[in-house]
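Student: Based on what follows, work out the 3D shape:
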Amino acid sequence: MASSLPILTFHTLDDRGSVISFPPGLFRRGLARLREHGYRTVSLLEAVACLREGSPFPERSVVITFDDGSRSVYDEAFTVLQQYEMSATIFLTVGGRGPGGQSDRRPSPQGGSMLGWQEIRDLQVCGMEFGAHTLTHPDLTRLPAERIEEEVCNSKAIIEDALGTPVTCFAYPYGRYDARSYAIVRKHFVAACSDRLGLVTVKSDPHALERVDAYYLRSDWLFGLMLTRWFPRYVRMRSVPRRVRRAVYWRPG
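Tutor: This next block holds a predicted model:
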């Protein structure tokens with residue numbers, strides 16, 4: 001059993017080279033290497049259950065998450081995840097309405113094509129887990145309390161209505177939260193992911209979980225660090241400048 005667990009964060013799988021892009025070929029090779037070395041995925045809820053019970057995490061396990069709900073999750077990631085018998089948690093930004101209307105495809109918060117509701121249902125049938133990521137992807141720390149409640153709770157309700165299942169996980173847009181948004185999310189969700197760069201341990205807060213952004217794994221060599229004892233040290237090293245940038249930039253509203 002393991003004392004720590006990586007939650008990997010992806011956004012879109014493409015070769016554009018933006019800060020939220022991850023090369024599809026590297027994604028395929030990376031998951032193949034994990035599988036070859038005996039790694040498996042656990043769901044975010046399984047990981048949180050271990051955390052709440054104070055029990056170790058399964059050995060050689062990882063949680064895979066996607067923020068926003070890019071169409072590339074269906075076009076690029078889905079087949080690879082199925083091939084290696086892996087699963088993922090997908091946090092959806094849903095817009096101001098649910099399925100129906102002129103387009104079944106959800107609006108994009110940052111450009112690019114997004115998952116349609118039928119594709120989301122197909123992914124759900126095949127074991128993918130879905131969480132909420134607000135309506136319009138705002139920085140929650142900049143909103144008044146009533147808007148925070150609307151963004152958080154209405155996104156949860158839309159997904160639950162569309163999929164017919166409880167939505168118990170949340171990801172803060174940009175990973176940012178303050179005392180007000182944290183309290184609202186904690187009231188309505190079992191777990192939430194933040195922008196804290198790190199591995200989940202027994203000391204982790206279930207409503208401000210650490211993750212490892214795929215931006216820091218964008219080469220075969222860096223992705224391969226996950227298979228070594230140096231990975232926790234690498235993540236700690238990369239977290240230092242990120243904490244400094246957050247301290248300078250982030251001013252809760």
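
Student: hey, let's count contacts and neighbours off CA atoms from now on
Tutor: Will do.

Student: how much space between Asp139 and Leu123?
Tutor: To Leu123, Asp139 is 28 Å away according to CA to CA, to the nearest Å.

Student: which residues of this structure score low on pLDDT?
Tutor: 97-111, 242-253 (pLDDT under 70).

Student: What segments of this protein are strands?
Tutor: 7-10, 12-13, 21-22, 40-41, 61-68, 89-92, 129-132, 169-171, 191-197, 209-213 (DSSP state E).

Student: Partner strands of the second one and their direction?
Tutor: The sheet places strand 12-13 alongside strand 21-22 (parallel), with pairing taken from DSSP bridges.

Student: show me what contacts the most centrally placed residue in the chain?
Tutor: In the chain, the residue lying closest to the centroid (CA atoms, centre = their mean) is Thr65, at 3.5 Å. Counting by CA atoms under 8 Å, 6 or more residues apart in numbering, Thr65 touches Ile7, Leu8, Thr9, Phe10, Ala88, Thr89, Ile90, Phe91.

Student: Redo these as CSV? Include distance to Pro58.
Tutor: Formatted as CSV, those follow (distance: CA to CA, whole Å):
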residue, distance to Pro58
Ile7, 13
Leu8, 16
Thr9, 19
Phe10, 22
Ala88, 16
Thr89, 18
Ile90, 21
Phe91, 23
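
Student: Of those, which is the most crowded?
Tutor: Neighbour counts for the contacts of Thr65 (other CA atoms under 10 Å) peak at Ile90, which has 29 neighbours.

Student: Next one: that residue from Tyr74, what distance?
Tutor: On the measure of CA to CA, Ile90 and Tyr74 end up 11 Å apart.

Student: repeat for Tyr39
Tutor: For Tyr39, the distance to Tyr74 - CA to CA - is 22 Å.

Student: How far off centre is stretch 82-99?
Tutor: 10 Å (CA atoms, centre = their mean, to the nearest Å).

Student: For the stretch 101-250 of the chain, which segments count as helices?
Tutor: Using DSSP state H, counting those that start in this stretch, the helices of the stretch 101-250 of the chain run over 117-125, 145-163, 179-188, 220-224, 231-249.

Student: List the residues that contact Pro166.
Tutor: Glu160.

Student: For it, grab phi and psi.
Tutor: phi -60, psi 140 (degrees, to the nearest 10).

Student: nearest residue to Gly224 other than its sequence neighbours?
Tutor: Gly30 (7.3 Å; CA to CA, 6 or more residues apart in numbering).

Student: what about the one you found, how many neighbours?
Tutor: Neighbours of Gly30 using other CA under 10 Å come to 21.

Student: With Leu92 instead?
Tutor: Leu92 - counted by other CA under 10 Å - has 27 other residues nearby.

Student: Quick check: beta-bridge partners of it?
Tutor: Asp68, Ala132.

Student: Quick check, it in contact with Val73.
Tutor: No: the criterion here is CA atoms under 8 Å, and Leu92 misses it with Val73 at 11.4 Å.

Student: List the residues that contact the nearest residue to Pro24 once chain neighbours are set aside.
Tutor: Excluding its sequence neighbours, the residue lying closest to Pro24 (CA to CA, 6+ apart) is Leu13, at 5.2 Å. Residues counted as contacts of Leu13 (CA under 8 Å, 6+ apart) are Ser21, Phe22, Pro23, Pro24, Phe27, Ser72, Val73, Glu76, Ala77.

Student: All set now, cheers.
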